[in-house]
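[1] Sequence and predicted structure are below.
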Protein chains: 4
Amino acid sequence: MNATEITILEEIELDNPIFIEALPGLGHVGKLAADHMIDEFEATKFAEIYSPTFPPQVLVKDEGVIGNMINELYYLKDVGEDNLDLILLVGNTQSLSPEGQYLVCNDILEFVKQYDISRIFTLGGMATGQPIENPKVFGAATHEEDVELLKEAEIEIRSNDGGIVGASGLFLGLAVRQGIHGSCLMGETPGYFIDAESAEAILNKLSFLLNFEINVDKLEERAEETREMIAKAQQMEQDLINKANAGNADDLRYIG
Amino acid sequence: MNATEITILEEIELDNPIFIEALPGLGHVGKLAADHMIDEFEATKFAEIYSPTFPPQVLVKDEGVIGNMINELYYLKDVGEDNLDLILLVGNTQSLSPEGQYLVCNDILEFVKQYDISRIFTLGGMATGQPIENPKVFGAATHEEDVELLKEAEIEIRSNDGGIVGASGLFLGLAVRQGIHGSCLMGETPGYFIDAESAEAILNKLSFLLNFEINVDKLEERAEETREMIAKAQQMEQDLINKANAGNADDLRYIG
Amino acid sequence: MNATEITILEEIELDNPIFIEALPGLGHVGKLAADHMIDEFEATKFAEIYSPTFPPQVLVKDEGVIGNMINELYYLKDVGEDNLDLILLVGNTQSLSPEGQYLVCNDILEFVKQYDISRIFTLGGMATGQPIENPKVFGAATHEEDVELLKEAEIEIRSNDGGIVGASGLFLGLAVRQGIHGSCLMGETPGYFIDAESAEAILNKLSFLLNFEINVDKLEERAEETREMIAKAQQMEQDLINKANAGNADDLRYIG
Amino acid sequence: MNATEITILEEIELDNPIFIEALPGLGHVGKLAADHMIDEFEATKFAEIYSPTFPPQVLVKDEGVIGNMINELYYLKDVGEDNLDLILLVGNTQSLSPEGQYLVCNDILEFVKQYDISRIFTLGGMATGQPIENPKVFGAATHEEDVELLKEAEIEIRSNDGGIVGASGLFLGLAVRQGIHGSCLMGETPGYFIDAESAEAILNKLSFLLNFEINVDKLEERAEETREMIAKAQQMEQDLINKANAGNADDLRYIG
C-alpha cells in the first residue's frame, strides 16, 4: 500500500492548466469555494486519491451508502476570458499525520505536473476567532512577482507573521523548490461555522485573478446544506469518539 | 517484519464465502455476536494474524499462560437454509495507529479475497451513551441494493450522519473500491458495558439476512464471563498504565 | 538506518544459553536485578544495540561524558550448579513507539536465537501503588509446564488479569510463536521509587529457578546510587521538558 | 520521498572542517549564536536540507513570500588564528517525530562526513526557568579529553545529571559511535525569550575554543529582530492552532 493511491478515471489533455487546491480546512472556506466552482462550471472528475494516512474510517452518505475518505481531481477547460484550463483538488479530508501531509501533497504534485501545470493557487481560511463583516482575503505567494499580482487584486498581503499549515502551505513549499509559481488565498473567517461569505470573498478574488465570472447565488444554499450535514454529524460525534476510543481498545484489549 | 503476518493453519476450500468482520469495539457488540456464532456452530480457526501495529503487549490468560495480541480467521461451511460458507474475523485487538488500521485491513482483505468472498458484513456497536431497552440495529452499506436488503431485515438505515471508524468502516471502504459489496450492522449500546442484548439484536438481523437459525441462550452467559474478565483486568489497569508510562521511560531514561 | 542496529563486540559460543530480558521499567526492578547479576558474576558485554525508535537524546554520564540511549547484551558461562550459560539484555531505554517496541524486540530475538537460546526469562515490576513489605513475585509463562515450574518456586501465578506491556511481554509473545518457552517474573513494587527489595525478591526466585547463588549485599547500595542519579536527573527534568518542547518548536518554528 | 533531501548548491573543498550544529531550541541560544557567526564572517550557504519529518507547513516571510521549513549548511574558510574551516548547520526547525530526529541527524552527519570533519560542536540553551545575570555556559562531550578542553575554556561541566534532547544531543551520540569527537555548549537561559546574552556567552566560549575573534555588537539587534518576528507570529498563533486542528479535520471529516 503506497502513501498515495491515484486512480485515473479519464485520460485527459490540458493546456498548461492552473492547479487549484481546496481541501477541507478552517471554516470550510476553500472547499466551499472550489465545490461551488465545480458545480457552476460543471467540472469533470478525472482522478481519485486514497491514502492510508487519511483518517481510518468511512462516511455514511445519503441513504445509508458509505463513502471513502478521499481526495478528488476535477478539470475544467476554457474557463473565462483567457480560456484557462484548471485542475481542482477537493475532498473530504487531509492526511492525519505530519509526514503523511508531506508524502500525499508531494505525490499529488508529481501527478498533476504531468499535465504541465503553469501555476498553483491554494485556497483556505484565516481565523479571526470573532464575527466579521465583509471578510477580507489575505494572500502570500512563492515569488515576489506573484505577490504583486495579488496586490493588483486588492488582496491583503501577509508579511513575516507566521505559517500556513497543511496542504495549502505544503503545495506552495513543494512547488517553490521546483520553480513552480503559486499563491495562497485565505478568506477571513471566525472559523467556527461553514462560512459562505468568506468563500464568496475568495471566489471574487480568484475570478479577478483568473479573469472569469461566476454566479454565487447558490453559494449560501450550498453552505446551508453543509451546515445541516455537519449538525447531523455532530449528533453522531460522541458515537465516533467513543468508537475511536474503543478502537484504541483502552479497556477491551485486556480480553483474551 | 511486515505490517501484517498471516499464519495459515489449514488449507481450505470454500464456496464463495461471506466475510464477517467482528473485531473488538464499542460495547463488545460485534465481537460477542461473532464469538457466539463460532461457539454455537463450532467454527474452525484456519489462520492467525499478527501485526507490529497492534498494542505492544501480551495478555495473561487462564492460569498464567500468556497470549499474543491477535486477529483470527475462522470458517464455517453450509450454514443455514442457503448452505452458506462463512469466514469470520475475530480477535482481541485492532491496530493502534491510524495508518496501521489501513494496512492491516487491506492485507486481511487481500488474503480473504483468495477464497472468492462474495460479500462482507462488518459488525459493531453504536453508542447511545444512556441505557436502552430493545436495542435497535442500525445499518449502512456499500451499494444501494445492499441498503435495500438491510431495509428488508428492518434494520434502521443511517443517512448522512457521520462516520464509521476503525475496521468496521475500513473493510467496507476498501471493498467498495474493488467492487465488492458489503454492509455494516451496528447494535445500539450504552457503550460502557459488555452488551449481550445488543449482540443478540445483531445476531437476529444477521440470521435473517443469511437465513440461518442460532440459539442465543448462552449469549448472556458469555457476556457475563467477559464482564468478569474485564472487571479483573481493570483491577490491574493502574499497573498497566504505570508500566506503560515506565515503558515510555519518562523518569527512567535519564539513567546511564 | 534500520529499526535496530546491533554491533557485535565479541564473537562468542554458548551452550544453549538462557536469555534474560531486563530493560528499564516499573520501579527499576528488573534492571536492578540484572545489573546486579552482571556485576556480581562479572558478565561480559558482547553486543550493543541502537535504534532510531529510542528517545531522541543522549545522556550526560560521569564527568560530562555523553552516552547513547542503548540496549546491551552480556553473557555468562557456567553459572550455578547446572553450569548454565546466560545472555542478559539490559540498557537505559525501551523504544518510544508501539511499533518500535515490536520491531526492536523482534530483531533482538532473531539475533539471540543464533546462540540457540533454550528459554527466556523477562524481569519486571508490578505496581501496587502503595508501600509493601516483603514484596511477592508474580509470574506468567508461555506454556503450562513453565507455569508449573514457577509454582515450584512459590511464585504467585497471575490469571486472566490483564496484560504485560512492553519488552517483558513482547519477548514472550514473539517467543511463543516460534515454540520457544519463556516466563515473566514481576516483583511487587509501589512503582514510584527504585526498589532494591523487589529486585532482591526477583533474584531469589530466579536463583532458585536457575539453581545459582548470588550475594545481594550490594544490591541496596546499587539502588541508592541509582536513586541519587535520578534525583539529580530530576533537577534537570524541567530543562529537558522545556528543551523537548522547544525541539517540537512550538513557538520557534514560525521564524524564517 | 526520502527522510532527508539534501540539495547541494555549491561543490566545495574544505580542510578538515569543524562541524557546528545550531538548530532552533531553547531560548534560541544556539541558533542566534550561529546566525550571528554566519553574518559577521559572511559564510556561504552550500546545501539545503528538507524533510517530510519537519512540521507540515510553510512560513510567510517578508512581504508575503513563503519559505519552506528548512535546515541549511554554510561554510567558512580560514577562520581565526588557526585558519580553521567550519561547516555550520542552521535552520528554522527540527524534525517533529522522535524517529525523524534520528533519521535526519544521521543523514546530515553522513553528508558532512564527506568533507572529512574533524570535530563537532553542538550549541544550545539550558533552561533555568528564572532570570539570570551573567549566564554560564555548560558543557558535555563525547570523550574525556574533549571535556578537558571545555574545562580549559572555563565551561561548567555537567555530570550525571540528565539528557541532551534533540539534534544537539543526537549528533554527539551518532558521532561517538563512529569515533568522531564532539562537544555540546549550552548557554544558561530562562528559556522563555530570545536570549542574546546567553548566545553571546556561547560565542565567547566557542571563540576561545576555536581561537577566533568575533564582534558581538549586532547580536542584541539580531535578537530584537527575532523577538519582533516572534511577537507578530504569536498574534497569528491562534490562527495556526485553529487551522492545524481543522487540518486534523476533527469536525469536518464527517462531510461527504
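    That came through fine.

[2] Would you mind listing where chain A has pLDDT under the threshold?
    Scanning chain A for pLDDT under 70 picks out A:229-256.

[3] what are the ranges of the helices in chain A?
    Using DSSP state H, the helices of chain A run over residues A:29-40, A:98-113, A:144-152, A:167-176, A:196-210, A:219-235, A:237-247.

[4] Next, the buried residues of the fifth one.
    By neighbour count, with 16 or more other CB atoms under 10 Å in any protein chain shown as the criterion, the buried positions of helix A:196-210 are A:196-207, A:209-210. In short, each C-beta sits where N, CA and C put it, glycine included.

[5] Let's have the residues you listed in CSV, adding distance to chain D.
    Formatted as CSV, the buried residues of helix A:196-210 follow (distance: CB to the nearest CB, whole Å):
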residue, distance to chain D
A:A196, 15
A:E197, 18
A:S198, 13
A:A199, 14
A:E200, 19
A:A201, 16
A:I202, 15
A:L203, 19
A:N204, 19
A:K205, 14
A:L206, 17
A:S207, 21
A:L209, 14
A:L210, 19
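
[6] Keep only the residues you listed that also lie close to chain C.
    Among the buried residues of helix A:196-210, no residue is within reach of chain C (CB under 8 Å from any CB of the partner chain).

[7] so which of the helices of chain A comes closest to C:P55?
    Of all those, helix A:98-113 sits nearest to C:P55, with 18.6 Å by CB to CB.

[8] what comes up buried for the closest one?
    Judged by neighbour count using 16+ other CB under 10 Å, the buried positions of helix A:98-113 are A:98-109, A:111-112.

[9] Now flag whichever of the buried residues of helix A:196-210 is closest to A:P17.
    Set against A:P17, the nearest of the buried residues of helix A:196-210 by CB to CB is A:L210 (11.2 Å).

[10] shouldn't the closest one be in contact with A:V79?
    Yes - between A:L210 and A:V79 there is a contact at 6.9 Å, judged by CB atoms under 8 Å.

[11] Need the residues touching each of the two.
    Residues touching both A:L210 and A:V79 (CB atoms under 8 Å, 6 or more residues apart in numbering or on different chains): A:L86.

[12] Which of the buried residues of helix A:196-210 sits closest to chain B?
    A:A196 (19.4 Å; CB to the nearest CB).

[13] my guess is that closest one meets A:A223, correct?
    Yes - with contact defined as CB under 8 Å, A:A196 reaches A:A223; the gap is 3.4 Å.

[14] what sits in contact with each of those two?
    By CB under 8 Å, 6+ apart, A:A196 and A:A223 have these common neighbours: A:L32.

[15] residues touching the nearest residue to A:L209 once chain neighbours are set aside, list them.
    Leaving aside its chain neighbours, A:L209 sits nearest to A:A153 (5.2 Å; criterion: CB to CB, 6 or more residues apart in numbering or on different chains). Neighbouring residues of A:A153 by CB under 8 Å, 6+ apart: A:205, A:208-209.

[16] gap between stretch A:106-120 and the chain center?
    Relative to its parent chain, stretch A:106-120 has a centroid offset of 15 Å by CA atoms, centre = their mean, to the nearest Å.

[17] same question, stretch A:58-78
    Distance, centroid of stretch A:58-78 to centroid of chain: 13 Å (CA atoms, centre = their mean).

[18] buried residues in that stretch?
    Neighbour counts using 16+ other CB under 10 Å place A:58-61, A:64-77 of stretch A:58-78 among the buried residues.

[19] Filtering these by proximity to chain D, which remain?
    Contacts with chain D within those, counted by CB under 8 Å from any CB: A:59-61, A:67, A:69.

[20] Tell me which of the residues you listed fall in strands.
    If you go by DSSP state E, these have A:59-60, A:67 in strands.

[21] Turn those residues into JSON lines, columns for distance to chain C.
    Formatted as JSON lines, these follow (distance: CB to the nearest CB, whole Å):
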{"residue": "A:L59", "distance to chain C": "27"}
{"residue": "A:V60", "distance to chain C": "30"}
{"residue": "A:G67", "distance to chain C": "29"}
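
[22] In TSV, list those along with distance to A:G30.
    Formatted as TSV, these follow (distance: CB to CB, whole Å):
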residue	distance to A:G30
A:L59	19
A:V60	24
A:G67	20
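
[23] From those, pick the one nearest D:I38.
    Checking those against D:I38 with CB to CB, the nearest one is A:L59 at 50.1 Å.

[24] which residues does A:I157 contact?
    Shown in contact with A:I157 (CB under 8 Å, 6+ apart): A:138-140, A:147, A:150-151, D:63-64.

[25] near chain B, which residues of the stretch 1-150 of chain A show up?
    Applying CB under 8 Å from any CB, one finds that the stretch 1-150 of chain A approaches chain B through A:1, A:7, A:50, A:52-69, A:96-97, A:100.

[26] Please repeat the previous calculation with a cut-off of 10 Å.
    With CB under 10 Å from any CB of the partner chain as the criterion, the stretch 1-150 of chain A meets chain B at residues A:1, A:3, A:5, A:7, A:48, A:50-70, A:92, A:95-97, A:99-100.

[27] Could you report the distance from the closest residue to A:T93 other than its chain neighbours to chain C?
    Distances taken as CB to CB, 6+ apart put A:M69 closest to A:T93, at 4.5 Å, once the chain neighbours are dropped. Counting by CB to the nearest CB, to the nearest Å, the gap from A:M69 to chain C is 22 Å.

[28] same check, this time on A:P98
    Taking CB to the nearest CB as the measure, A:P98 falls 11 Å from chain C.

[29] Chain neighbours aside, what residue packs nearest to that residue?
    Sequence neighbours aside, D:P56 is the residue nearest to A:P98 in space, at 4.6 Å (criterion: CB to CB, 6+ apart).

[30] Check whether that neighbour really touches A:G169, as I assumed.
    Yes - contact status for D:P56 versus A:G169: in contact at 7.6 Å, counting by CB atoms under 10 Å.

[31] residues shared between the contacts of the two?
    Common neighbours of D:P56 and A:G169 are listed as A:101, A:105, A:163, D:69, D:247 (criterion: CB atoms under 10 Å, 6 or more residues apart in numbering or on different chains).

[32] which residues does the fourth one contact?
    D:M69 sits next to A:102, A:163, A:169-170, A:173, C:249, C:253, C:256, D:50-51, D:53-59, D:91-96 when contact means CB under 10 Å, 6+ apart.

[33] what's across from A:I49 in the sheet?
    Beta-bridge pairing for A:I49 (DSSP bridges): A:I6, A:N71.

[34] can you tell me which residues contact it?
    Counting by CB under 10 Å, 6+ apart, A:I49 has contacts A:4-7, A:70-73, A:89, A:91, A:104, A:107-108, A:111.

[35] change it to 8 Å
    Neighbours of A:I49 in contact, by CB under 8 Å, 6+ apart: A:4-7, A:70-73, A:91, A:104, A:108.
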